[in-house]
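Engineer: Sequence first, predicted coordinates after that:
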Amino acid sequence: MSSEPISAAIDALRTANTITVLTGAGMSAESGVPTFRDVQTGLWAKYNPMTLATPEAWEDDPALVWAWYQRRRAMLAAVEPNAGHQALATWARTADVRLVTQNVDDLHERAGSSDVVHVHGSLFACRCDTCGREHDAEVSDPEGDRVLPPECECGGLVRPGVVWFGEMLPQNAFAEATARSEACDVFILVGTSGVVYPAAGLPHIARGAGATIIEINPDETDLSDACDITLRSTAAVALPAMVDALASSHDT
Ligand code: OAD
């Protein structure tokens, strides 16, 4: 395998039939979306996402939690997919590239990717916390830090359709993510610290099935040792460079 990580990645990808890509918050960082473990800014600096994204916080103060997710939806409406999202969408037009994301944003879809598996749910998939009925997500930037969530016809409260700490992952989504990890020749990890299971177990499943594991992350992570190739770079730089280099290698 070539010494240069990018050449080694191209060598592995050139002969791959199926590629699975698992993205984390770092994928959206260059779009201006703070990663999960970034310090929150402004009004939300005083709140810790780790405590807000929990069933207990919802039970205790649904208006605060609902306002935080409203704020996150409004923030997303103001940003665009970055060159990394675009590169993945372009690449999937000519290769069997399957996307799994831990992110609850819609930037992959807005870049043109389809059939994206969201293992932690989506900011835009709200549901009743009692009967489970699906509800549309309002996208309005809250004035303050509390907004009463809408009520469902059944009398329950409309909650964000995301996975909170301690909650089970959507079964179908995780089953599909596992299948995509088992079926790929190359598994690419982009922008995840790899600290939250079971999503962080997907690269191990891929490795166990014989896939080559590539990590794209400017920093070392808990998963770096399990990777065959590491591109110490960012999503918006490394992905376009890799996809372009792969396209040129096919032309030669
Ligand atoms: P984290 O915030 O834990 O990690 C973000 C990773 O992205 C870090 O390893 C950064 O080094 C890396 N990173 C930062 N900027 C980057 C860039 N421009 N390009 C590439 N990588 C970059 O976010 P996640 O790993 O996604 O779960 O967190 C996993 C889960 O933890 C989240 O889905 C969330 C949280 O609990 C739920 O909401 C259930």
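Structural biologist: Nice, I can see it.

Engineer: Please parse the chain into its domains.
Structural biologist: With domains defined by automatic domain parsing, the chain comprises 1-32+81-120+169-252, 34-78+121-162.

Engineer: will you turn these into CSV that also has mean pLDDT, distance to the ligand and mean neighbour count?
Structural biologist: The C-beta positions use only the backbone N, C-alpha and C, and glycine is treated the same way. Below are the domains of the chain laid out as CSV (pLDDT from 0 to 100; distance: least, C-beta to the nearest ligand atom, whole Å; neighbours: other C-beta atoms under 10 Å):
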stretch, mean pLDDT, distance to the ligand, mean neighbour count
domain 1-32+81-120+169-252, 95, 2, 19
domain 34-78+121-162, 89, 3, 16
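
Engineer: From Cys154, how far out is the nearest residue to Glu109 once chain neighbours are set aside?
Structural biologist: Residue nearest to Glu109 in three dimensions, not counting chain neighbours: Val116, with 6.1 Å by C-beta to C-beta, 6 or more residues apart in numbering. Val116 sits 30 Å away from Cys154, taking C-beta to C-beta, to the nearest Å as the criterion.

Engineer: now swap in Ser181 and tell me
Structural biologist: With distances taken as C-beta to C-beta, Ser181 is found 37 Å from Cys154.

Engineer: A helix includes Ile214, no?
Structural biologist: No - secondary structure of Ile214 (DSSP: H, G, I helix; E, B strand; the rest coil): strand, not part of a helix.

Engineer: For beta bridges, what are the partners of it?
Structural biologist: Applying DSSP bridges to Ile214 gives these bridge partners: Ile188, Ile229.

Engineer: residues touching it, list them.
Structural biologist: By C-beta atoms under 8 Å, 6 or more residues apart in numbering, Ile214 lies in contact with Ala9, Ala12, Val186, Phe187, Ile188, Leu189, Cys227, Asp228, Ile229, Thr230, Leu231.

Engineer: what ranges do the helices span in the stretch 101-250 of the chain?
Structural biologist: When secondary structure is read from DSSP state H, counting those that start in this stretch, the stretch 101-250 of the chain shows helices at 107-111, 171-182, 202-208, 235-251.

Engineer: OK, contacts around Thr192?
Structural biologist: Contact analysis of Thr192 by C-beta under 8 Å, 6+ apart lists Leu22, Thr23, Gly24, Ala25, Gly26, Gln102, Ala199, Ala200, Asn217, Thr221, Leu223.

Engineer: Much appreciated, bye for now.
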